[in-house]
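> For reference, the sequence and a predicted model appear below.
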Amino acid sequence: MAFTAKDVAELRKQTGCGMMDCKKALVESDGDFEAAVKYLREKGMAATAKKADRIAAEGIVDILTVDNTTAIVEVNSETDFVAKNATFQEFVKEVLKTIIANKPANVDELLASNYVGGGTVSEALAEQIYKIGEKISIRRFQIVEGVVSSYIHGLGATGVIVSFETDLADKDGFAECAKNVALQTAAMDVKYLDKESVPASVIAEEEAILINQMKEDPKMANKPEAVLANIVKGRIGKFYENNCLLEQAYVKDDSMSVSKYVASVAKELGGSIKVTGYVRFDKGAGLEKREEDFAAEIAKMVQG
């Protein structure tokens with residue numbers, strides 16, 4: 001079956017692959033357009049397997065809200081240049097739409113889900129790998145229902161979603177308050193929402209460390225037990241301030257904690273606001289980073 005330059009251009013438009021790749025696909029499929037698309041997808045699968053062992057710790061974190069559902073996802077690539085690629089960014093948005101539409105339980109279910117652009121997410125991911133030429137992986141996602149405020153920092157370096165229970169959701173003052181809490185969550189990394197969220201075992205371990213530190217300090221040796229207990233209590237309070245979102249000093253007014261700031265806004269607006277949880281994704285957190293040896297790279301280029 002014959003094909004024309006217009007067919008090649010149309011195949012490129014639909015798949016995003018290079019002109020020569022599209023021409024080859026049409027040659028291999030004897031001009032059959034659908035077969036050519038399948039050919040390019042299969043090549044994408046091959047590219048996925050070929051790049052599986054590469055390190056992908058860059059990419060972006062992105063967030064999307066549709067009606068009452070909000071999703072956050074981290075999609076990784078090998079280099080930070082890909083995060084600025086419009087095709088990659090659009091793929092991440094489509095993945096978010098797929099997450100909200102299908103509500104998968106985990107990444108494996110997401111990969112098997114019907115992609116909003118056609119086919120499965122796994123197939124769409126393979127196509128992206130083939131187009132962009134890097135390893136790309138969907139690392140994690142989370143779905144949050146209800147009233148939220150979200151924030152993305154630094155071109156997708158960090159993304160946060162903060163959840164609220166409130167009867168003030170339609171008030172302008174609430175929107176500003178919620179945004180401020182989301183900004184705080186992005187700026188000041190924490191492990192827990194509030195004091196009640198900290199496991200008893202964590203506090204017990206922290207107390208044991210503090211007691212051992214005081215035993216090793218000659219200045220503390222002769223202090224009464226009651227004094228030492230108060231010192232430990234004070235330092236545990238500082239632990240809460242450093243590790244709990246609602247106990248932190250509010251960044252725009254450090255004379256109050258985040259919880260007191262939220263309470264003050266609720267009182268001013270004449271209703272209630274409760275922060276019920278948060279999600280924070282930091283791009284590449286905990287992943288092995290790629291080490292660049294520029295001297296070796298330049299030497300290789302010179303020799304080549």
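Received the coordinates, thanks.
> Residues touching the helix or strand where residue 226 lies, excluding its own?
Per DSSP states H and E: residue 226 is located in helix 225-243. Applying C-beta atoms under 8 Å, 6 or more residues apart in numbering, the external contacts of helix 225-243 come out as 190-192, 195, 198, 203, 206-207, 210-211, 214, 220, 223, 247-249, 257. The way it works is simple: take the backbone N, C-alpha and C, and place the C-beta from them, glycine included.
> Same check on stretch 29-40?
Against stretch 29-40 from outside (C-beta under 8 Å, 6+ apart): 1-3, 7, 10-11, 14-15, 17, 21-22, 25-26, 28, 127, 130.
> one more time with 10 Å, if that's ok
For stretch 29-40, contacts defined as C-beta atoms under 10 Å, 6 or more residues apart in numbering pick out 1-4, 7-8, 10-12, 14-17, 21-28, 118-119, 126-127, 130-131.
> So which of the residues you listed are in strands?
Counting by DSSP state E, no part of the contacts of stretch 29-40 is found in strands.
> Lowest-scoring secondary structure element of the chain by mean pLDDT?
None of the helices or strands of the chain scores lower by mean pLDDT, DSSP states H and E than helix 294-303, at a mean of 52.
> Which pLDDT value belongs to the closest residue to residue 61 other than its chain neighbours?
When the adjacent residues along the chain are set aside, residue 61 lies closest to residue 159, with 3.7 Å between them (C-beta to C-beta, 6 or more residues apart in numbering). Here the pLDDT value assigned to residue 159 is 97.
> Touching, residue 159 and residue 63? I think so.
Yes: Residue 159 is in contact with residue 63 according to C-beta atoms under 10 Å; the separation is 5.2 Å.
> so where do the helices sit in the protein?
Along the chain, the stretches classed as helices by DSSP state H are 5-15, 19-28, 33-50, 86-102, 107-112, 121-132, 172-187, 200-215, 225-243, 258-269, 294-303.
> so where's the stretch 101-250 of the chain uncertain?
221 (pLDDT under 70).
> Buried subset of the contacts of stretch 29-40 as a ChimeraX selection?
Buried subset of the contacts of stretch 29-40, written as a ChimeraX selection, criterion 16 or more other C-beta atoms under 10 Å:
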select :3,7,8,11,12,15,16,17,21,22,23,24,25,26,126,127,130,131
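> Quick check: residue 124 vs residue 278, distance?
30 Å (C-beta to C-beta, to the nearest Å).
> before we move on, what about residue 142?
Residue 142 is 11 Å from residue 278, by C-beta to C-beta.
> Now for those two: what residues contact both?
Common neighbours of residue 142 and residue 278 (C-beta under 10 Å, 6+ apart) are residue 161.
> Comparing the two, which residue is more hemmed in?
residue 278 (22 against 15; other C-beta atoms under 10 Å).
> quick one: contacts for that one?
Contacts of residue 278 by C-beta under 10 Å, 6+ apart are 144, 148-149, 160-163, 181-182, 184-186, 190, 192-193, 245-246.
> one more time with 6 Å, if that's ok
162, 185 (C-beta atoms under 6 Å, 6 or more residues apart in numbering).
> got a pLDDT number for it?
97.
> Report the separation between it and residue 32.
As for residue 278, its distance to residue 32 is 51 Å (criterion: C-beta to C-beta).
> same deal with residue 84?
Distance, residue 84 to residue 32, by C-beta to C-beta: 35 Å.
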